[in-house]
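Asks: here is my input, please return the structure:
(one chain, ligands or ions: 1)
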Amino acid sequence: MKFFIDTANIEEIKAANDLKILDGVTTNPTLISKTGKPFMEVVEEILTEVPDKPVSLEVASTDCEGMIKEAETLAKLGKNVVIKIPLTIDGLKAVKHLEYNGIKTNVTLIFSPTQALLAMKAGASYISPFVGRLDDISHDGMELISQIKTIIDNYGFKSQIIVASIRHPMHVLEAALIGADIATIPYKVVEQLAKHPLTDIGLEKFLKDWESVPEKPF
Ligand code: E4P
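Replies: This next block holds a predicted model:
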């Protein structure tokens, strides 16, 4: 299972990279705007820190021609750039064109299995179903991931599932149990994954007991 980090914050990306378990980065216009920095400055920072793993950058146009134009500009910034395209009719046409021309795409804002099916048929390298936003409106986000996994297993589509809009460690656990290819995780949740109160209590006791061990070598 691959771990991407879902942020445009360079400090968080560096921290995740330092853990040596980072497999890629996803951004979106909201995450870029949170940095308060110019778009190109943010993108350059990210591509310098992560030059060889997939970095998803999202287009801002909504028509097919505009999306393709932006995608071609963004793709020139790095060989690892993946173009994030929203799941719309124009988006699907753009995905087909870009993938045919060797530019990798990540179809975003997927909320139903039929949307995922369309993105896979268009040839997307990655598809991003949003689990947290579905949970927010009382739909089972992880059920969507199971359905997409079944469709992929039935037909052998090559698209990789990126479980997106992750809110907590249970989303990551369930994604792993279902067999999703990738989870794109906010940095806060990466930290939560490592935490367990029994680990803290156990370590405190070991350290305390270590004090009373005689003739320690270190
Ligand atoms: C996915 O690539 C998106 O950037 C992201 O996961 C959206 O998450 P949110 O619902 O927390 O905004």
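Asks: can you give me the helices for this structure?
Replies: 10-18, 29-35, 39-49, 64-75, 89-100, 113-121, 131-136, 141-155, 169-178, 187-194, 197-211 (DSSP state H).
Asks: which residues sit in contact with the residue nearest to the spatial centre of the chain?
Replies: With distances taken as C-alpha atoms, centre = their mean, Thr184 lies nearest the centre of the chain, 2.7 Å away. Shown in contact with Thr184 (C-beta atoms under 8 Å, 6 or more residues apart in numbering): 4-6, 24, 26, 128, 162-164, 166. Backbone N, C-alpha and C define where each C-beta goes, glycine included.
Asks: mean confidence (pLDDT) on stretch 51-60, please.
Replies: For stretch 51-60, mean pLDDT is 98.
Asks: could you work out the end-to-end span of it for me?
Replies: In stretch 51-60, first residue to last residue: 23 Å (C-alpha to C-alpha, to the nearest Å).
Asks: list the contacts of it.
Replies: In contact with stretch 51-60 (C-beta under 8 Å, 6+ apart) are residues 4, 22-29, 43, 46-47, 66-67, 70-71, 74, 77-78, 80-86, 94, 104, 106, 108, 126.
Asks: which of these are close to the ligand?
Replies: Counting by C-beta under 6 Å from any ligand atom, 26, 28, 108 from the contacts of stretch 51-60 sit close to the ligand.
Asks: just put these in a markdown table and tack on pLDDT and neighbour count.
Replies: Shown next, in a markdown table, are those (pLDDT from 0 to 100; neighbours: other C-beta atoms under 10 Å):
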| residue | pLDDT | neighbour count |
| --- | --- | --- |
| Thr26 | 98 | 26 |
| Asn28 | 98 | 19 |
| Thr108 | 98 | 26 |
